[in-house]
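Asks: the amino acid sequence is not available; the structure is as follows:
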């Protein structure tokens, strides 16, 4: 059995957990003040690098590495942008931090900005997070009043301003360069890289964009040390993560575990098994933009970057979506592709034109008008989208699509009206449901 | 300098050159839509993807990627060809394919690339996206959202070149469209440039749309005669009628742009009442007879002045000067026509060759005009009334008779700037070549030949063709005034 290790979520159940009083009572902001007084920026970056922490937003890049790319000698201001545009389907972990422990995020903001010399932080939240917005806004105000933001923080001469920026809730604004454009007030198209934001980001100045959960990890690493963090979970992808489980399990929700556990154990244990005693059909393990896993893969995969890469998928934003045997996978991927088609910003041709085309094809299957050649067509459309666009939205759309077409081909074939399937059976128009 | 290989060929380029520029400079053209040399790089169309150092997972946009030392670039590898074909397929699935009624057909990069790089057939069996077909962006520009491929050249033209945002992209994904901004119709006096840079028929000029198929028209590379900027243009004509002016790229003069006034001025040169033969005292006369009459009237040249339009080419003016000086006429003046200039292209001088006229010794009409015996007006030019007060005779040479015509003792035919051959010198002293877009028809010789013939046998022998006069102008203006137009 696996045990929860509550680091990030330790205070989620505390009454009045959002207030600065309870946060300071629980030892909050002590690490921040001690770090400002006694640590050197390079030393902090090194500590975070040594901790082995990977970014929690989806790409899994080491924040310590990103910080070290920020030029030290520059006349320009430097910025930290906290990415709280959480909108990956199946992902709802940052929301928990924002709503239940906003000061933990802000303490991480303070330490991170000090580490790479940022003088301003923008916390970017999507407008749908009404609770989170209220909590963070109040927390920022309290932190200013307590002297943790503003001028000459804790008498160290370090100045830091922190602003809340509320986006309109577009998925694309979670792409780091789109987020910058959104803050700048222009159409949030992703930017071509290079230049990378660490060198040329917000208003052309060095900028780091980190996920909410990533930043919230920083005070714990500084407090307990890199070695403590590096020993949590899997050696190549250490730490604790907030895992979002949704779908056909008895107890969906956000769970905090060290990496390296077996996915099957999570489903069978804390999640209380499959709903209504149904059979497992598939799991999308890392937010919708990851490749689907079959039951036998679920049975042996460990939830850490090396373990999941071995099966060709990714941990992404740790959104685990569980499908039982009643699910029509064609319907499921249609649902997801509608999301990508809707959220494509429309900048690059392959994504703008490709995602709605895929939706139209999948809709035909669901309407009983699928054709035998459509599976190859879907895969080829995906091939023409993946790696051909500015940002990774198209890639993220292609991974669940191609994996579902490849792994559940029989379900597509079964939806082709009165045609011979590849196995020679005559299919009916209705989905069979069986895996 | 940077050395790299493109398609196996080793090339050397300046630091900062993009792969697209390097490939094009060495004869390996990479297709593109959103990039434009005078608007800038955007990277949205994904047509210019190339393979760098064998990476086929992620292809690179050649419009933005600078060449790197030792780079191995493939512009025609299987991965690149497949990606290109894929992008074209994506474009075409929702494009109306109404080429038969589209004004862009024949000069459409979507058509051209579809033929050259496209899939040839369609795998799309769904319903095409529908959208507004006739959106009035202004009283000059119509937008068809279905044809639009969202390269955003038009919005970026206003942003980057005109520093304004009258139009922008609205909505998301497949529903994206170019939309008029909250301030209403486009008012920019340079707005028609977006018609040329639009790679499809999404933006059409209300003036030019449904007017003439591009393949039926003849295009002449010439110079806009509307002001002294000397914008390089292509003048399009169909059966002797001018139909369009379009800017022709010259990075040193007008880049890819021209003003709407200049562009829409073409119809001014479609004349209905032109002078088709010489007239003496109001009666039609043989050209030879009329020319003899001119020389007879001018006599020893005393008290005679020449007033030349600066819409004449340098070659017209040199021939005119040669004749005038041979006949003792020393007062060589040029006309003045002005309009409101601006800080972009439009110059206050509304004629194309004032600098050329001045270089060849023509001077502005003096404030204090001496008493004249006779006046020779060369070209269509406003004549100050003071010049006409005392004269015994008027010689007028122009495409149309105009107000002066009835008063002229001798009326000679002339050509419009769109029928001329020669050179103009723009306000910066740049001499550029002018080519005829239309033929005026019978009875209207080239202006320079008229003055040459009037000047006599020597001139006729020296200048058998316009090339010879262009050479003579080279010498008259000095070697530094070189012709730059191609």
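Replies: Sure, I can see it. Being a predicted model, the structure only gives us computed values, none of them experimental. Numbering: from 1, shown residues only, chains lettered A, B, ... in the order given.
Asks: how about the helices in the stretch 1-150 of chain A?
Replies: Using DSSP state H, counting those that start in this stretch, the helices of the stretch 1-150 of chain A run over A:20-25, A:30-38, A:41-51, A:63-68, A:94-100, A:102-116, A:130-145.
Asks: and the next element down the chain from the longest one?
Replies: Yep, that's helix A:130-145 we're talking about. strand A:150-153 (DSSP states H and E).
Asks: who does that following strand touch, helix- and strand-wise?
Replies: Here strand A:150-153 touches strand A:158-167, going by 3 or more Cβ pairs under 8 Å, 6 or more residues apart in numbering or on different chains; DSSP states H and E. For the C-beta atoms, the positions are set from N, CA and C on the backbone; glycine is no exception.
Asks: list the neighbouring strands of the strand it packs on plus their orientation.
Replies: Sheet pairing for strand A:158-167, assigned by DSSP bridges, gives strand A:120-126 (parallel), strand A:150-153 (antiparallel).
Asks: and it, which residues are buried?
Replies: Within strand A:158-167, the residues that count as buried by 16 or more other Cβ atoms under 10 Å in any protein chain shown are A:158, A:160, A:162, A:164, A:166, A:167.
Asks: using a markdown table, lay out those together with distance to residue A:83.
Replies: Converted to a markdown table, the buried residues of strand A:158-167 look like this (distance: Cβ to Cβ, whole Å):
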| residue | distance to residue A:83 |
| --- | --- |
| A:158 | 23 |
| A:160 | 18 |
| A:162 | 15 |
| A:164 | 13 |
| A:166 | 13 |
| A:167 | 10 |
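Asks: domains for the chain, by residue range?
Replies: Went with chain A since none was named. A:20-230, A:235-324, A:329-427 (automatic domain parsing).
Asks: actually chain B
Replies: Using automatic domain parsing, chain B is parsed into the domains B:2-92, B:125-211, B:278-481.
Asks: chain center to the first one, what's the gap?
Replies: The one in question is domain B:2-92. Relative to its chain's centre, domain B:2-92 lies at 30 Å (Cα atoms, centre = their mean, to the nearest Å).
Asks: ditto for the longest one
Replies: Using Cα atoms, centre = their mean, we find the averaged C-alpha position of domain B:278-481 to lie 23 Å away from the chain's own average C-alpha position.
Asks: if we can go back for a sec, dump the domains of chain B into TSV; add distance to residue B:105 and mean pLDDT as well.
Replies: Below are the domains of chain B laid out as TSV (distance: least, Cβ to Cβ, whole Å; pLDDT from 0 to 100):
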stretch	distance to residue B:105	mean pLDDT
domain B:2-92	14	97
domain B:125-211	7	97
domain B:278-481	22	94
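Asks: CSV please, covering those and showing mean neighbour count and distance to residue A:179.
Replies: Formatted as CSV, the domains of chain B follow (neighbours: other Cβ atoms under 10 Å in any protein chain shown; distance: least, Cβ to Cβ, whole Å):
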stretch, mean neighbour count, distance to residue A:179
domain B:2-92, 19, 18
domain B:125-211, 19, 16
domain B:278-481, 19, 36
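Asks: mind putting the ones you listed in a markdown table, distance to residue A:69 included?
Replies: Shown next, in a markdown table, are these (distance: least, Cβ to Cβ, whole Å):
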| stretch | distance to residue A:69 |
| --- | --- |
| domain B:2-92 | 19 |
| domain B:125-211 | 29 |
| domain B:278-481 | 41 |
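Asks: check which helix or strand the residue of the stretch 51-200 of chain B found nearest chain A maps to.
Replies: Of all residues in the stretch 51-200 of chain B, residue B:86 sits closest to chain A, at 3.0 Å by Cβ to the nearest Cβ. Using DSSP H and E, residue B:86 sits within helix B:78-94.
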